[in-house]
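predicted model and sequence below, questions to follow.
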Amino acid sequence: MSRAVDSPRVVNIGDLRRLAERRLPRAVFDYIDGGADAELTLRENCRVFDEVTFRPRNAVAVPRCDLRVSVLGARLELPLLLGPVGSSRMFYPRGEEAAARAAGAAGTAYALSTLSGCRLEDVKAASSGPVWYQLYLVGGREVATAAIQRARTVGFSALVVTIDTAVSGLRERDVRNGTKELLSRNPCMMLPFLTQFLARPRWLAGFLSDGGLMAFPNVVLPGEGPMSYADVAAALEQSTVSWADLRSNPDCGKCGAMTDYDSGRPAIRFDNERVRTEKALRRLMQHEMCHVAVIDAATKLRQDSHGPLWQECMKRFE
């Protein structure tokens with residue numbers, strides 16, 4: 001892989017995107033590259049970054065450049081980190097471990113998605129830097145609690161709670177690529193969409209040698225084992241998080257709790273007995289939501305552009 005991305009073949013992110021498009025089947029590439037509905041929000045988010053310009057200051061003495069920052073108690077060598085990307089193992093064998101290893105080598109943090117194909121223990125072992133756990137409540141609160149405890153035991157240093165998946169997005173590329181049919185395991189339904197995989201033999205060989213279609217080893221259902229890939233869309237719709245879940249609870253000190261909807265009891269406690277006190281809210285796409293979060297719930301906020309993946313929700317990402 002390293003030779004494939006060496007200069008002069010790869011000079012910028014656009015070059016990497018073109019290599020990925022050539023290497024991956026259409027359904028897999030579009031999972032990374034695409035967004036919800038007509039992808040207006042996705043295009044606007046990209047355009048906003050194109051508008052960012054730097055204002056240079058000349059004739060200023062700078063003894064040395066120091067890019068180090070402190071985020072959620074971790075000292076990072078770079079002012080950026082690798083955010084959670086679900087199903088990375090589908091893109092590249094042991095993909096989450098490879099990403100965590102690269103983040104650690106660069107001196108920055110890696111956030112592991114709940115919906116990863118690698119065990120969280122293996123991902124933590126692969127990284128020499130800070131690793132955080134991104135939380136969906138897929139499978140229910142008891143399943144999530146067990147995953148949080150596993151993460152704490154092996155040294156994950158922060159929890160990132162995702163709040164924007166009450167409704168799965170209408171990803172039009174997935175419909176055209178036959179994602180639903182491919183996951184049906186019905187040969188007759190799958191057949192029209194299989195040529196995209198056969199046309200990528202290198203990817204297919206790596207995919208099969210890595211175990212084929214992944215399950216989710218960090219979502220362990222009682223009596224069933226890891227959640228299957230085909231079940232994730234329905235499970236996400238049952239994983240809604242509200243402000244009531246995240247609002248501070250006096251019994252938890254400064255760290256807050258998630259509250260069970262029906263009983264009002266703390267279901268996932270963010271205290272020293274269960275998980276490190278640092279927590280962040282992920283995918284707050286509007287300034288108004290950030291303001292509410294600061295008042296109601298969060299230790300830290302991380303605003304990002306997950307919205308275009310699942311929701312066609314606004315004109316631009318601020």
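Arrived safely.

from now on I want contacts and neighbour counts done on CA atoms only, so please keep to that.
OK.

in stretch 201-209, what's buried?
By neighbour count, and taking 16 or more other Cα atoms under 10 Å as the criterion, the buried residues in stretch 201-209 are 203, 204, 206, 207.

so what's the gap between that stretch and the chain middle?
Per Cα atoms, centre = their mean, to the nearest Å, the displacement of stretch 201-209 from the mean C-alpha position of its chain is 23 Å.

mean confidence for it?
Within the predicted structure, the mean pLDDT of stretch 201-209 is 96.

same question, stretch 13-20
Taken as a whole, stretch 13-20 carries a mean pLDDT of 92.

repeat that for stretch 225-240.
When the per-residue pLDDT values of stretch 225-240 are averaged, the result is 81.

measure it end to end?
Stretch 225-240 has its terminal residues 22 Å apart, counting by Cα to Cα, to the nearest Å.

buried stuff in it?
Neighbour-count burial for stretch 225-240, with 16+ other Cα under 10 Å as criterion, is recorded at 226, 227, 228, 230, 232, 235, 236, 238, 239, 240.

one more: stretch 24-33?
With the criterion 16+ other Cα under 10 Å, stretch 24-33 contains buried residues 24, 25, 26, 27, 28, 29, 30, 31, 32.

just the C-alphas of it, formatted as PDB.
Listed in PDB are the C-alpha atoms of stretch 24-33, where the atom choice follows Å, rounded to 0.1, in the frame of the first residue of the first chain:
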ATOM      1  CA  LEU A  24     -12.900  -0.200  -4.600                       C
ATOM      2  CA  PRO A  25     -16.100  -1.600  -5.900                       C
ATOM      3  CA  ARG A  26     -18.700   1.100  -6.600                       C
ATOM      4  CA  ALA A  27     -20.900   0.300  -3.600                       C
ATOM      5  CA  VAL A  28     -17.900   0.500  -1.200                       C
ATOM      6  CA  PHE A  29     -16.400   3.700  -2.700                       C
ATOM      7  CA  ASP A  30     -19.800   5.400  -2.700                       C
ATOM      8  CA  TYR A  31     -20.300   4.500   1.000                       C
ATOM      9  CA  ILE A  32     -17.200   6.700   1.700                       C
ATOM     10  CA  ASP A  33     -17.700   9.300  -1.000                       C
END
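
what's the span of stretch 154-170, first residue to last?
Across stretch 154-170, the straight-line distance between its terminal residues is 36 Å, by Cα to Cα.
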